[in-house]
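K.L.:
what would the 3D arrangement of this be:
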Amino acid sequence: MNVFEYVSNDKNTMNYLVFYPDDYADLPLICYLHGAGERGNVLSHLYRHGIPKLIAEGIEIPAVIVCPQCPTEFVWDNIVVSVKKLIDEIAVKFKIKSDRICITGSSMGGYGTWMMGQTYSNYFSAIAPVSGGGMTWRVEKLKTTKIYAVHGKLDSVIPCFNTEDMINALKLNNIGAKLLLLEDFGHNDCIDYAYRNTDLIQWLLAQRRTDFTEVAEVCSEFF
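P.N.:
Sure thing, here's the model as predicted:
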């Protein structure tokens with residue numbers, strides 16, 4: 001895949017990577033949000049985990065992928081407006097169809113993924129938070145969003161109940177989601193396994209934003 005690297009001279013402005021194949025016509029856009037350890041202004045840190053790590057190892061993903069870098073002073077929950085602005089800019093540049101924009105993230109990025117979905121209802125085709133958590137009292141904002149959450153049961157950094165609480169809150173509000181709990185996985189090994197060995201990326205690539213009736217039908221089963 002080709003890669004475009006943007007490094008800002010302003011410490012409060014996001015650096016970012018964009019990965020794209022030679023022919024990106026009609027492909028979906030995936031936004032990947034990294035964890036807390038990759039914040040700052042060293043762009044190469046983004047390759048430590050998740051989707052950028054896979055791409056660096058030569059794995060091809062049929063999508064345009066934007067990976068912003070969170071400034072040191074912030075977490076993703078603080079800068080959802082900036083993340084959304086970048087996603088919009090990349091979507092326009094690569095002529096992405098509006099029903100094929102999805103978001104995933106791990107650890108702090110898992111929290112950011114829940115927050116982006118809750119802040120921008122009816123925008124994403126799907127969200128896939130990994131090893132994160134969120135605001136259970138805002139889950140009604142996700143009633144038209146397809147969701148796939150992954151967490152390791154042995155996670156001691158962000159305990160598994162953070163994801164389970166979100167899923168349970170969704171269930172109480174009659175909102176469906178797909179949940180994968182990995183029995184023998186801690187924090188970092190869950191993140192690497194989720195993107196490398198599960199169907200999470202393939203699931204994201206297959207999604208299109210739909211109306212509420214279709215979402216309720218697709219996401220009616222809990223795992």
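
K.L.:
separation between the residue nearest to Asp26 when sequence neighbours are not counted and Pro28?
P.N.:
Excluding the flanking residues, the one nearest Asp26 by CB to CB, 6 or more residues apart in numbering is Lys97, at 7.3 Å. Using the backbone N, CA and C atoms, a C-beta is placed for each residue, glycine as well. Using CB to CB, to the nearest Å, Lys97 is found at 8 Å from Pro28.

K.L.:
Arg209 too?
P.N.:
Taking CB to CB as the measure, Arg209 and Pro28 are separated by 11 Å.

K.L.:
quick one: which of these two has more around it?
P.N.:
Set Arg209 next to Pro28 and count neighbours by other CB atoms under 10 Å: Pro28 wins out with 23 against 20.

K.L.:
this structure: strands as residue ranges?
P.N.:
Remark: strands assigned in the chain by DSSP state E are 2-6, 15-20, 29-33, 64-69, 101-106, 126-130, 146-152, 178-182.

K.L.:
would you reformat those strands as CSV and include mean pLDDT and distance to Leu170?
P.N.:
Compiled in CSV, the strands of the chain are given as follows (pLDDT from 0 to 100; distance: least, CB to CB, whole Å):
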stretch, mean pLDDT, distance to Leu170
strand 2-6, 94, 35
strand 15-20, 97, 30
strand 29-33, 98, 20
strand 64-69, 98, 26
strand 101-106, 98, 17
strand 126-130, 98, 12
strand 146-152, 98, 7
strand 178-182, 97, 9
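
K.L.:
and Ala149, how far from Glu164?
P.N.:
As for Ala149, its distance to Glu164 is 9 Å (criterion: CB to CB).

K.L.:
so between the two, which is more surrounded?
P.N.:
Neighbour count, other CB under 10 Å: between Ala149 and Glu164, Ala149 has more, with 29 against 16.

K.L.:
residues touching that one, list them.
P.N.:
With contact taken as CB atoms under 8 Å, 6 or more residues apart in numbering, Ala149 is in contact with Ala128, Pro129, Val130, Gly132, Thr163, Met166, Ile167, Ala177, Lys178, Leu179, Leu180.

K.L.:
mind jotting down where the helices sit in the chain?
P.N.:
Per DSSP state H, the chain carries helices over the ranges 50-56, 80-93, 108-119, 161-172, 187-197, 200-206, 212-218.

K.L.:
so which of those helices comes closest to Met1?
P.N.:
helix 50-56 (5.8 Å; CB to CB).

K.L.:
got a list of what Ile96 touches?
P.N.:
Residues in contact with Ile96 (CB under 8 Å, 6+ apart) are Leu27, Pro28, Leu29, Val64, Ile90.

K.L.:
returning to what we had before: give me the common contacts of Ala149 and Glu164.
P.N.:
With CB under 8 Å, 6+ apart, Ala149 and Glu164 have common neighbours Leu179.

K.L.:
quick one: low-confidence parts of the protein?
P.N.:
12, 211-223 (pLDDT under 70).

K.L.:
nearest residue to the residue nearest the centre of it other than its sequence neighbours?
P.N.:
Centroid-nearest residue in the chain, with CA atoms, centre = their mean: Thr104, separated by 0.9 Å. In space, and not counting its chain neighbours, Thr104 is closest to Ala128: 3.9 Å by CB to CB, 6+ apart.

K.L.:
tell me how many other residues crowd the residue nearest to Asp26.
P.N.:
14.

K.L.:
buried stuff in stretch 33-50?
P.N.:
33-35, 38-39, 41, 43, 45-50 (16 or more other CB atoms under 10 Å).

K.L.:
of these, which is the nearest to Val81?
P.N.:
Closest to Val81 out of the buried residues of stretch 33-50 is Leu33 (14.2 Å), distances taken as CB to CB.
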